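Colleague: Give me coordinates for this.
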Amino acid sequence: MATSGSRQTPRRRGLWDYPRRGKGPIRRWLPSWRVVLGTFVGVLALGTGTLVAAWVTTTVPENLGNITNQTTTIFFSDGETEIGRLGARRQLVSLEDLPSHVGDAVVASEDATFWTNPGVDPRGFARALWNNVRGNSTQGGSTLTMQYIERTRTDSVSDLVGKFREAIMALQITRTTPKEDILEGYLNTIYWGRGVFGVEAAAQAYFGTPAAELTLSEAALLAGIIPSPNNWDPGVNEDRARTRWHRNINRMYTQGLITAEERAEAEFPEFLPRPTATNTLGGQAGFLVNEVIRELSDTDQFRDRPELLRTRGLHIVTTIDPVLQDAAVAVAQSAFEGNNPADPDALSVSLASMDPATGEIRALFGGLDYLQRQFNTATQGSAQAGSTFKPFTLVAALEDGHSLGDRFDGRSQKVIPGWDPANGNVGPRNFGGTNFGNIDLVDAMADSVNTVYAQLNVEIGPQRTVDVARRLGIPESVSIPAVPSNVLGPSNVSVVDLATAYATIANGGGRVTPHIVREVRGLDGSLVYTGPTERVREFDPQVMAATTHALAQAVENGSGRTARELRGPNGERRPAAGKTGTSNGNVSSWFAGFVPQLVTVVGLQQERDGRLEAITPFGQWANNRTGMTGSTFPTRAWTDFMHVATEGMPVQQLPTYTPTRTAPPEEPVEDLELEDGDEEQADPMEGWVTVPEGLVGQSTSQVLPVLSGLGLHARIETVESSQPQGTVLGVTPGGVLVPPGSTVTVVVSGGPPTPSPTPTPPPGGDPGNGGPENGPDDDDGDPGSSHDDEV
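Modeller: Residues are numbered from 1 along each chain as shown. Purely as a prediction, here's the structure:
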């Protein structure tokens, strides 16, 4: 135990000795020199480390000088005819081609120390930091170099961290890039109002002159309005623009960039008035440009950065043929012209034309004017498909072993077991309530007999129709319930959906991807993207050939017979196949058809005040009692469009189809002795004959005896042609088996047209207009209410 006289060991001071012992009342609260020095060293080390880390982790993009947000241009398929543009209006110019006072004016106005600073103005940057700490704007501290970086980086941000990174990048780029290159990049990047970027476009917009011809006063005005070009545009606020111009002229003088004499002689320049706002997306351009954006925004190249479509000066070539597009617009607009026009506020006309070999969309119409309505009915709209779905059920049946010769009862509203048990299985009505006899699947397709295909769908199972529709190309986004009535097309599809499905049939069973973009190239011409043109084999070509044969009869003998008007270069018949469709209540109508090289779908739908309604008859069908079915305007428009689209196109035959032999209904057999184990195999096509091929080019005196010798009847169809009179231009059908006694169409040249006096119109005008259409009614009509609850 220590005594009172022993020395006491002093207590060891801690790291934080405050208040300090043994000091006066004021000094005891002041930090020691050790703390001050330690804190200074720590802060210095931390700051240095932060700067080093920022310097190491911040890099200038290698292509910074190429990122100039140039205009992307979209072209038709010829690669030359422009559809529209995306993004900035800009044209690059070299600093060497500009008068020196252009760059001097910008430097004087925006960054007086540009030529000497390291990319950052310390005082200006400190001022910006202080403003940010106080909650004010971060602007005011950016040098011209920092502004250039800010405008060329797509990941640029305006907060304090963003400004700090831009400062680091400005220091780095100044070390590696000549000041002249930085100034040139800035002049080509800056926004100058009036929708233009870069000094070249600005010179044109404000003065109607190239940037290389800008005067001192013009350059001073352009430089003066850079901070707020929309508000300081002389066409908006001339007084403010004059103030900025005077300020810049004086700055150029005080910085030694112009002489006193030049300052005294400078006059405020004359300028062009601010242009009235215009929109280049009017008419069809907006629809096509928007489809390009929609398509490319879903690709690997642009999905994550769609803004690149507007800022990288891309050269986009679409699949749209300008001639075909004009034809599509013309036939669609015809619905709203002439006598008894349709109501453009209610009726929608849609058209899509596609190359079945590649999926390239060659023409697309989905609205009259994009500025009036930014909704493309060809791609974004949809309507009930009607009987255009019948081929899907036929394909499924053929795959399951049925043949085109299979026969069904064609009576209207007959009982079909399994159709609709809740309503006594009463099947759908045929159009007009027509009763057909025992007919095969080809005739039932030509006449669009609802009851026949209803029975077929029940027999194969409606899920098979769904499966085939998907494989043909109807997207999953289209609802197709697996119910018997799906064969009648209650599902809503677009013209592009149907064109894709029919393209699979037309090309022999290979599904294609519909697309509107052929290729995208960068500024340097490098290929960035190409549209998908590959085909995926989904069906046996023979199944597709049989389906095409049935659809060809719908054109040859059914409701699509208007399409028989198509001709080849020499006036010969051009084979076509297709199907009309009309929805329940005539709220939509269709014609989907093709020649081997091109598929086109035309659709109508009427909507008023947000509610679908029956299409009001218009034009030459204004008095049509059966309404606007698929055989009216859709088939007429399809044919008129295809006349233009196939002009000069070689005539190709539809695929040759050899009918599959099927057994007839069982009947009693008499006077036949069958050996044990044998079964009677009757040949339903015994005695059938093949229509000869190779008759085109011969004379009728040669061809008619050949057909007669085979037991065939010839129906002569004479057309004007450059071929000699009497020359056979086509035989339909050709190369297929037909029953003896069948009638084939022989198209014969009547020779070239001869001039004739203009005939005097008969009293009452043209008898061919305004009356009911000759020929059969449309195909599908009202499928009955029995399926309404199932779709």
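Colleague: rest of the way, CA atoms for contacts and neighbours
Modeller: OK.
Colleague: Which element, helix or strand, includes Gln723?
Modeller: Per DSSP states H and E, Gln723 falls between elements, in no helix or strand.
Colleague: Quick check: phi and psi on Leu171?
Modeller: phi -60, psi -40 (degrees, to the nearest 10).
Colleague: count of residues packed around it?
Modeller: 19 (other CA atoms under 10 Å).
Colleague: Where does Ile182 sit, in terms of helix or strand?
Modeller: helix 179-189.
Colleague: which helices and strands sit right next to that helix?
Modeller: Counting by 3 or more CA pairs under 8 Å, 6 or more residues apart in numbering; DSSP states H and E, the packing neighbours recorded for helix 179-189 are helix 144-152, helix 199-207.
Colleague: repeat that for 10 Å
Modeller: Packing contacts for helix 179-189, counted by 3 or more CA pairs under 10 Å, 6 or more residues apart in numbering; DSSP states H and E, involve helix 100-110, helix 144-152, helix 160-176, helix 199-207.
Colleague: quick one: which of these is nearest Ser491?
Modeller: Comparison of the helices and strands packed on helix 179-189 against Ser491 by CA to CA identifies helix 144-152 as nearest, at 48.5 Å.
Colleague: so who does the nearest residue to Ala506 once chain neighbours are set aside touch?
Modeller: Setting aside the residues directly before and after it, Ala506 is nearest to Pro596 in space (CA to CA, 6 or more residues apart in numbering), at 6.0 Å. Residues in contact with Pro596 (CA atoms under 10 Å, 6 or more residues apart in numbering) are 355-357, 503, 505-508, 574-577, 651-655.
Colleague: distance of Pro596 from Pro655?
Modeller: Noted for Pro596: a distance of 8 Å to Pro655, by CA to CA, to the nearest Å.
Colleague: what sits in contact with each of the two?
Modeller: Ala506, Asn507, Gly508.
Colleague: lowest average confidence, helix or strand, in this protein?
Modeller: Sorting the helices and strands of the chain by mean pLDDT, DSSP states H and E puts strand 737-738 at the bottom, at a mean of 56.
Colleague: Toward the C-terminus, what is the element adjacent to that strand?
Modeller: Taking DSSP H and E, what comes next after strand 737-738 is strand 743-749.
Colleague: the domain parsing of this structure - what is it?
Modeller: Following automatic domain parsing, one gets these domains for the chain: 30-59, 90-265, 383-645, 689-749.
Colleague: looking at these, which is buried most?
Modeller: domain 383-645 (a mean of 22; mean count of other CA atoms under 10 Å).
Colleague: Do me a favour and get the end-to-end distance for that domain?
Modeller: 25 Å.
Colleague: just so I know, which of the helices and strands packed on helix 179-189 lies nearest Asn457?
Modeller: Proximity to Asn457, assessed across the helices and strands packed on helix 179-189 by CA to CA, is greatest for helix 144-152 (60.7 Å).
Colleague: Show me what that closest one is packed up against.
Modeller: helix 100-110, helix 160-176, helix 179-189.
Colleague: Now with 6 Å, please.
Modeller: Counting by 3 or more CA pairs under 6 Å, 6 or more residues apart in numbering; DSSP states H and E, the packing neighbours recorded for helix 144-152 are helix 160-176.
Colleague: how many degrees apart are the helix it packs on and helix 144-152 in direction?
Modeller: 120 degrees (axes from the mean of the first three to the mean of the last three CA atoms, to 10 degrees).
Colleague: For helix 160-176, report the contacting residues that lie outside it.
Modeller: For helix 160-176, contacts defined as CA atoms under 6 Å, 6 or more residues apart in numbering pick out Val60, Pro118, Gly119, Thr145, Met146.
Colleague: Quick one: mean pLDDT over that helix.
Modeller: Helix 160-176 carries an average pLDDT of 72.
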